[in-house]
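S.K.: What shape does this take:
(2 chains)
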Amino acid sequence: NAGVTQTPKFRVLKTGQSMTLLCAQDMNHEYMYWYRQDPGMGLRLIHYSVGEGTTAKGEVPDGYNVSRLKKQNFLLGLESAAPSQTSVYFCASRSWDKGRGEQYFGPGTRLTVT
Amino acid sequence: AQTVTQSQPEMSVQEAETVTLSCTYDTSESDYYLFWYKQPPSRQMILVIRQEAYKQQNATENRFSVNFQKAAKSFSLKISDSQLGDAAMYFCAYRSALPGANSKLTFGKGITLSVRP
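M.R.: Numbering: from 1, shown residues only, chains lettered A, B, ... in the order given. Take a look at the predicted model:
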């Protein structure tokens, strides 16, 4: 049981390049989330999904797009990377469990934009 | 909107001693969940303890316990018999329990705990 996995673990991009971060979960969870973590800021929600084919904006969505074509996968895209997007990105998933289910986090992706 | 505040950026504790990490939050909701997450140098987010707002009893998990003061909107974490492996960043987090809520977590900025041998 792998839980939540993220690909890649590390990446360096140049300003203006694009990339996609992949999150996969094998727990059949309905909810999936993308957060970013910056020093002194805690984790902030970028986008989330409450089910296959649905996505919604979080607290800091600008510059990112997401897709949830399959229940087990949640993709985060950067169309034109900027240095301000240098961060550690976490994916999380959660089951619909009458509100009680905890969020399970992936190991994180460290992205540097130069 | 809900906010979570962790006002102490760093704390230090002697091994085997007890330490308390503070957290306050602001919400107009009556039903919600509060969490403490641990993030060691590996970056993995690990759930330490969870408290449901409708429960008056403070949650306990082995050496970890909370002091939940709903009226004061305070949620502190007590670590007893501190161990070297407890050194990490700790995040306090809030989640609404309202039906239809997206169940996202709102995090505090975190506190770095160091343990002195």
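S.K.: Quick check, central residue of chain A?
M.R.: Nearest to the mean C-alpha position of chain A, by C-alpha atoms, centre = their mean, lies A:Trp34 at 2.8 Å.
S.K.: Tell me what it is bridged to.
M.R.: Beta-bridge pairing for A:Trp34 (DSSP bridges): A:His47, A:Cys91.
S.K.: How about the contacts made by it?
M.R.: The contact partners of A:Trp34, taken as C-beta atoms under 8 Å, 6 or more residues apart in numbering or on different chains, are A:21, A:23, A:45-48, A:58, A:64, A:66, A:74, A:76, A:89-91. Quick note: C-beta positions are derived from backbone N, CA and C, even for glycine.
S.K.: Could you look up the SS state of the residue nearest the centre of chain B?
M.R.: Centroid-nearest residue in chain B: B:Trp36, 3.0 Å away (criterion: C-alpha atoms, centre = their mean). With DSSP: H, G, I helix; E, B strand; the rest coil as the basis, B:Trp36 sits in strand.
S.K.: Quick check: residues of chain A near chain B?
M.R.: Within chain A, the positions lying close to chain B (C-beta under 8 Å from any C-beta of the partner chain) are A:31, A:33, A:35, A:40-45, A:48, A:50, A:56, A:58, A:88, A:90, A:92, A:94, A:99-103, A:105, A:107-108, A:110.
S.K.: again, only using 7 Å
M.R.: Within reach of chain B by C-beta under 7 Å from any C-beta of the partner chain, chain A has these residues: A:31, A:33, A:40-43, A:45, A:48, A:50, A:56, A:58, A:88, A:90, A:94, A:99, A:102-103, A:105, A:107-108.
S.K.: Next up, the contacts around residue 78.
M.R.: Looking at chain A here, since you left the chain open. If you count contacts by C-beta atoms under 7 Å, 6 or more residues apart in numbering or on different chains, A:Leu78 has them with A:18-19, A:63-64, A:85.
S.K.: Correction: the question concerned chain B.
M.R.: B:18, B:20, B:65, B:67.
S.K.: In the strand or helix carrying the last one, which residues are buried?
M.R.: Spelled out, that is B:Asn67. In this structure, B:Asn67 sits in strand B:64-69 according to DSSP states H and E. Of the residues in strand B:64-69, B:64-66, B:68 count as buried by neighbour count, 16 or more other C-beta atoms under 10 Å in any protein chain shown.
S.K.: Which neighbours in the sheet does it have, and how are they oriented?
M.R.: As defined by DSSP bridges, the strand partners of strand B:64-69 come to strand B:60-61 (antiparallel), strand B:74-79 (antiparallel).
S.K.: Keeping just the C-alphas, turn it into PDB.
M.R.: Coordinates of the C-alpha atoms in strand B:64-69 are reproduced here as PDB (Å, rounded to 0.1, in the frame of the first residue of the first chain):
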ATOM      1  CA  PHE B  64       1.300  13.700  23.300                       C
ATOM      2  CA  SER B  65      -1.800  15.400  24.700                       C
ATOM      3  CA  VAL B  66      -3.700  18.600  24.000                       C
ATOM      4  CA  ASN B  67      -5.200  21.300  26.100                       C
ATOM      5  CA  PHE B  68      -8.300  22.300  24.200                       C
ATOM      6  CA  GLN B  69     -10.000  25.500  25.400                       C
END
